[in-house]
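Novice: Model the structure of this input:
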Amino acid sequence: MSKLEIDFIRAQFPAFDEPSLEGQAFFENAGGSYTSKFVIDRLHRYYTQRKVQPYGPYDASRLAGEEMDEARSRLAGVLNIPANDLSFGPSTTQNTYVLAQAFRQMLSEGDVVIVTNQDHEANSGPWRRLAESGIEVREWAVDPDSGFLNLSDLADLLDEKVKLVTFPHVSNIVGQINPVAEICGMVQAAGAVACVDGVSFAPHGLPDIKALGADIYLFSAYKTYGPHQGIMYVRSDLAEKLPNQGHYFNAGSAYKRFTPAGPDHAQIAASAGMVDYIEAVHDRHFDGDVSLDQKGRATLELQARYETELLAPLLEYLRGRNDVRLIGSDKAEGRVPTIALGLGRPGGEVAKDLAAHGVMAGGGDFYAVRLLKGLGIDPEHGVLRLSFVHYTARSEIEQLMKALDRVL
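Specialist: Model (predicted):
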C-alpha cells in the first residue's frame, strides 16, 4: 500500500516556498486551502494568453473555451458524473441560493423541506427562507452532546409531504463524516430529493458522487486547492424539472440553468488544475493507467490515511487536557481533521495568541451559529478551530501542540 510522500506533496504548493510564510503552520484550511501550482499556472496562462471572450472562431478564443470545457469534463470524470450535470458558480453560497429559488418556484404550499442545525449557514439559510412561501421547514437536530446527526431522528421526520432533505457530508465544526449513501437512500425511498453540502469533505478528497447517490452535491474549489468557484452537481432529470434560473435562451443547457450571472471564464478554466494535481499525486504513488474516477478514489484514500495518522496524536493530546471541550469524536477514524474546541474564553482570542507562536488558526462561530447553540456553546465566544489537510507536515502538528501548551 502506497505511503504519501509529504515532500512531493508540499512541492506542488508555492506557499511552502514563500519567504513570508516560512515557519508559519497553517491550521485554518477549513476556511480555504493553499492553491496548487497547477491551478496557478493555468490561471496565469489564461490571463496572459486567453483573456478574451471564449468560444469564438479565432485561436485565443477557441482555446479559452476548450480550457473551460476541459475543466468541466475532467472534474466530472473524477466525481464520476456526466459532464453536463456539473455547474460552476461564484461560490457554494450563491449556488445554494439559486437552487433554493428554483425549488421555491417548483414546490407548493404545505410541502416540506428538512434542514439540519449541523450545517454551515450557507446550506441552511436559503432553504429555511422557503418558509416565507408557505413551505414547511423541519429541522433535523444534532445530539446536543456529540453534535452527531442520528438517522432515527431523520426517520421520524420523513413522510409523504417531504420533498427535499439537505444536510452536510461533514460539519465544519463537528468534523464527523455523515453516512451520506445511507441518508440519501432513506430520503429517496421517501420520495424526496437529497442535497449534500460537501464543502467540508471535499478538501480531504473529491468524492464519487455516483456511489454516494446524492441528487445534488455542492463544494467549493477554493477549499480544494483551486480558485474561488462553487462547484455543483444536479442530477439531470431533476435539473430539467426545476425551473430555469439562467437566461431564457440557455434553458436547454443543463450546466447553464442555475448560473444566472456570467461565469468567471478564467477561474473555470483554472479549475482543471485541481485534476492536474490529483493526477500528479496519483501517478507519483501508483502504477497503471486507470480512469479519472479511479485516480480520484485512490488519491482520496491515500490522503485520508495520512490525515488519520496525523490526527491521532493530536486527538490523544487533546484528550489529556481538562481545559477544553472537544466537539465531536475523539477518535481519528470516521472523521476529518477539522477540530473545534470549546474554551473558557473566546476562540478568536486564543487564535490570536497562537499566531504569536507561528500557528495560523481561526476562532469564532464559522457561520455555524445554530450548531453552536444546539451544543450549548455561546456563539459570541465561538470555538477555536484547528483544521489541516494532507499537505500538513508532522512537524507542524508538533508545533501546534507546543503552541497550545503555551497559550491554553
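
Novice: show me the contacts for Ala202.
Specialist: His169, Phe219, Ser220, Lys223, Thr224 (CB atoms under 8 Å, 6 or more residues apart in numbering). Backbone N, C-alpha and C define where each C-beta goes, glycine included.

Novice: closest to Leu326 among those residues?
Specialist: Checking the contacts of Ala202 against Leu326 with CB to CB, the nearest one is His169 at 20.6 Å.

Novice: which stretches of the stretch 201-350 of the chain form strands?
Specialist: Chain-ordered strands for the stretch 201-350 of the chain, with DSSP state E, counting those that start in this stretch as the definition, fall at 216-220, 230-234, 325-326, 338-342.

Novice: follow-up on the earlier one: let's see if you can find the most crowded of the contacts of Ala202.
Specialist: Across the contacts of Ala202, the neighbour count under other CB atoms under 10 Å reaches its highest value at Thr224, namely 29 neighbours.

Novice: Thought Gly205 was touching that residue, still the case?
Specialist: No - with contact defined as CB atoms under 8 Å, Thr224 and Gly205 do not form a contacting pair (9.3 Å).

Novice: could you dump stretch 346-361 to CSV, C-alpha only?
Specialist: Only the C-alpha atoms of stretch 346-361 are listed here, as CSV (Å, rounded to 0.1, in the frame of the first residue of the first chain):
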residue,chain,number,x,y,z
PRO,A,346,-13.4,33.5,23.0
GLY,A,347,-11.9,31.2,20.4
GLY,A,348,-10.7,34.3,18.5
GLU,A,349,-8.6,35.4,21.4
VAL,A,350,-6.8,32.1,21.5
ALA,A,351,-6.3,32.1,17.8
LYS,A,352,-4.6,35.5,18.1
ASP,A,353,-2.4,34.1,20.9
LEU,A,354,-1.4,31.1,18.7
ALA,A,355,-0.4,33.4,15.9
ALA,A,356,2.4,34.7,18.1
HIS,A,357,3.8,31.2,18.0
GLY,A,358,3.6,30.7,14.3
VAL,A,359,0.3,28.9,14.2
MET,A,360,-2.4,30.2,11.8
ALA,A,361,-5.8,29.1,13.2
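
Novice: Of all the strands of the stretch 201-350 of the chain, which one comes closest to Pro313?
Specialist: Minimum separation from Pro313 across these (CB to CB) falls at strand 338-342, 12.3 Å.

Novice: Now do that closest one: which elements does it pack against?
Specialist: Where contact means 3 or more CB pairs under 8 Å, 6 or more residues apart in numbering; DSSP states H and E, strand 338-342 is packed against helix 292-319, strand 325-326, strand 383-387.

Novice: got the contact list for the shortest one?
Specialist: Contacting residues not belonging to strand 325-326 are listed as Leu315, Leu318, Arg319, Ile339, Ala340, Leu341, Gly342, Leu343, Ile377 [CB under 8 Å, 6+ apart].

Novice: Spit out the contact partners of the last one.
Specialist: The contact partners of Ile377, by CB under 8 Å, 6+ apart, come to Arg325, Gly342, Val383.

Novice: If we use 10 Å, what do you get?
Specialist: Ile377 makes contact with 147, 173, 325, 327, 340, 342-343, 347, 365, 368-369, 371, 383 under the criterion CB atoms under 10 Å, 6 or more residues apart in numbering.

Novice: Let's have these in TSV, adding distance to Asp215, pLDDT and neighbour count.
Specialist: TSV is the format used below for those (distance: CB to CB, whole Å; pLDDT from 0 to 100; neighbours: other CB atoms under 10 Å):
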residue	distance to Asp215	pLDDT	neighbour count
Gly147	25	97	24
Ile173	25	98	31
Arg325	35	97	16
Ile327	29	97	24
Ala340	29	98	31
Gly342	35	97	19
Leu343	39	96	18
Gly347	35	97	23
Asp365	29	97	22
Ala368	24	97	30
Val369	27	97	18
Leu371	24	98	30
Val383	32	98	30
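
Novice: Closest one of these to His390?
Specialist: Minimum distance to His390 across the contacts of Ile377 is 19.8 Å, recorded for Ala340 (CB to CB).

Novice: Find residues that contact each of Thr224 and Gly205.
Specialist: Counting by CB under 10 Å, 6+ apart, the common neighbours of Thr224 and Gly205 are Ile278, Val389.

Novice: unless I'm mixing things up, Gly344 is touching Leu384, no?
Specialist: No - under the criterion of CB atoms under 10 Å, Gly344 lies out of contact with Leu384, with a separation of 11.1 Å.

Novice: These two - which one has more neighbours?
Specialist: Set side by side, Gly344 and Leu384 give different neighbour counts by other CB under 10 Å, the larger being at Leu384 (28 against 10).

Novice: residues touching the residue lying closest to the more buried one once chain neighbours are set aside, list them.
Specialist: Of all residues not flanking Leu384 in the chain, Gly347 sits nearest, at 4.0 Å (CB to CB, 6 or more residues apart in numbering). With CB under 10 Å, 6+ apart as the criterion, the residues that contact Gly347 are 340-341, 361-366, 377, 381-385.
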